[in-house]
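**Student:** Got a predicted structure here, sequence first:
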Amino acid sequence: MARIAIIGSGPTGIYTLKGLISHPAGLSITVFEESPDPGKGTPYHPAVNDKAMLANIASIEIPPIIDSLVGWLRSRSNEELQNLGIARDAIGEREFYPRIVLGDYFAAQFWELVRRGHAAGHTIDVRGSCRIADIALNAHDLTVTATSSENSPCRLSFDHVVMATGHDWPQDTETSPGYFASPWPAAAIKRIKAVKVGVLGTSLSGIDAVVSVATAHGVFLRDDMGALLYQPLQGREDLHITMMSRKGLLPEADFYCPIPYEPLAICTPMAVEQAVHDEPDRLLDAVFDLFKQELARADPDFAARIGLALATVEDISDRYFRERTASDQFVWAGRVLAQAKRDKIERNTVPWRYAILRMHEVIARAVPHFSNGDLGRFHKYFKTVFVDDYATVPHESIERLLALHNAGKLEVMATGSDYTIEKTDGQPGVELTIAASSPIRFAAFIDATGQHPLSAKDIPFESLRRQDVIRQAQTPTNSLGGDGCDLRPTGGIDVDQSFRPKFEANLTNQLYCVSVPFLLHKLPFVQGITSASDMGEIVSESIRSALGKVSQLLPFPVSTERLNRSPTPTTPTEDTVA
């Protein structure tokens, strides 16, 4: 049997396993999981998430494993649904559920895949509470060093190894008194007392932080008219939370749109691929031209309102956010929420939102081909428009922010780019100073800016670093590229179309890196369950092909429906990246 290791049993590992067990010949598959609960994945694990934290992906958007999420929920008993906090009549393919519910769903699907894999003749060994300490490449196989609390370290050989290690979070959340480097695990920030709290980041990660702290000191409830209210517990009235980001914008409510996607007319995959081939010297601008034409065709009124005809890559973000920036954020959020609720009932789609949503995954095809200069322009100016559009949040998340604001417990602040955050000796929390203004003291502070990109130097496996097989991705220093052009590192790691690191050493090339932090710089939208499904399919197809199955690899970079509408709390909104 071919020996395959999957490191990580979250969604990417699960979709990889799904593809592998379809191989006609028996495989020997070992799944390593650092947590004691294989299949749940960190973004959905009850030990990490508060039960109030919502995923921002609905069943209709999750690529089925065996069952769809809504199908799995409907097959649960009334007692199981009650334990999950879900009413049977509230189950729907476009509804949003707590992350821990998705954790139970993925775990159930994972173990059913294991059962079916065994029935199909595969050997599947699942090792929970097992950490991978090292990976080394050999001439014809790979050596994995695994450790667990119960056994001494062991070295195992595999023909293929898949690094599906997911997101990277600090092990010690409270890095100094009152300063939390991330909102997870939620139990850590729920220990924050009813004080003045600062939250850096206004995306779903920031909302998670706010909700976790708020539910530790009060309750959300609905009045007779169905409006959501927040009531602090007795003695906890001093709680006050300030969310902040560069622009000080709140994310918008999830909007209704047709799924599967309707085809684009102008900014099509073929048009983008043609631009990659024909216009390498001005690729970003060529793609931006396609973006403008498609958006103007989809919604002429919106295009006229923001002056799209005169827009450039450098000012599109300012034009896109101008009206919102000038508004009271909570008034704006309430208005957009009301419209989104009506649109969901009436099945009405806002044309410009839908056009941008569909275009981001098509334009992603061009990003790996950008020159160093264009890549920098894309990240600084253009990407924020797409991120804001796909990183909308569940309606209930906006309702919670409004309820806290109406109770006098929440405000949002724009920091701009000229600000400092300083920890002071002898006092918990931080002091925030914006430009030349007076410092603002927060007794507790949470960095909720989400997953940050990692690079080759951050690979945690010493042997891979020593072997120099994990290299930083590079792009040409100028737009023309070519053999004589200098290359400049961009961050991330250099992988081929099957996610295998590129190197010249005479070693096996059957290591696959689908760990999101190492892919973000060149593949900025490669987060979320849809991306996990695509990466799992690409990797499993590559492995099956290497084992002798004739197949056609999927195109790269990843192109999916609603790519990167991540249920994980990692995708920053435009504020956290602008």
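**Tutor:** Nice, I can see it.

**Student:** Just the CA trace of stretch 406-421, in CSV.
**Tutor:** What follows is stretch 406-421, C-alpha atoms only, in CSV (Å, rounded to 0.1, in the frame of the first residue of the first chain):
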residue,chain,number,x,y,z
ASN,A,406,-27.8,51.1,21.9
ALA,A,407,-27.0,49.9,25.4
GLY,A,408,-24.1,52.3,25.5
LYS,A,409,-21.5,49.5,25.6
LEU,A,410,-19.9,49.7,22.2
GLU,A,411,-18.3,52.3,19.9
VAL,A,412,-16.1,52.1,16.8
MET,A,413,-13.1,54.2,16.2
ALA,A,414,-10.9,55.0,13.2
THR,A,415,-7.2,55.0,14.0
GLY,A,416,-5.8,55.9,10.6
SER,A,417,-2.3,54.8,9.9
ASP,A,418,-0.5,57.0,12.4
TYR,A,419,-1.1,55.3,15.7
THR,A,420,0.9,53.5,18.4
ILE,A,421,-0.1,50.8,20.9
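
**Student:** now that stretch: how far from the chain's centre is it?
**Tutor:** Centre-to-centre, stretch 406-421 and its host chain are 24 Å apart (CA atoms, centre = their mean, to the nearest Å).

**Student:** Over to stretch 278-292?
**Tutor:** Worked out by CA atoms, centre = their mean, stretch 278-292 lies 26 Å from the chain centre.

**Student:** And it, what's buried?
**Tutor:** Neighbour-count burial for stretch 278-292 flags 280, 282-284, 286-292 (criterion: 16 or more other CB atoms under 10 Å). Glycine gets a C-beta too; all of them are placed from N, C-alpha and C.

**Student:** Which pair of the residues you listed spans the longest distance?
**Tutor:** Spanning the widest gap among those are Pro280 and Lys292, at 19.9 Å by CB to CB.

**Student:** in the protein, which helix has the most residues?
**Tutor:** helix 99-119 (DSSP state H).

**Student:** right, and the helix or strand after that one?
**Tutor:** Per DSSP states H and E, helix 99-119 leads on to strand 123-127 as the next helix or strand towards the C-terminus.

**Student:** What are the contacting residues of that following strand?
**Tutor:** By CB atoms under 8 Å, 6 or more residues apart in numbering, the surrounding residues in contact with strand 123-127 are 1, 9, 17, 21, 26-33, 38, 114, 117-118, 146, 148.

**Student:** cool, stretch 283-298 as well?
**Tutor:** Residues from elsewhere that reach stretch 283-298, judged by CB under 8 Å, 6+ apart: 264-267, 271-272, 275-276, 278-279, 302-303, 308-309, 311-313, 316, 351-352, 354-356, 359, 363, 366, 369-371, 374, 377-378, 382, 479.

**Student:** Any chance of a ChimeraX selection covering the buried ones in those residues?
**Tutor:** Selection of buried members from these for ChimeraX, criterion 16+ other CB under 10 Å:
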select :264,266,267,271,272,275,276,302,303,308,311,313,316,352,354,355,356,359,363,366,369,370,371,374,377,378,382,479
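
**Student:** Just the contacts of stretch 283-298: which are in strands?
**Tutor:** Among those, no member is found in strands (DSSP state E).

**Student:** Thanks again, I'm all set now.
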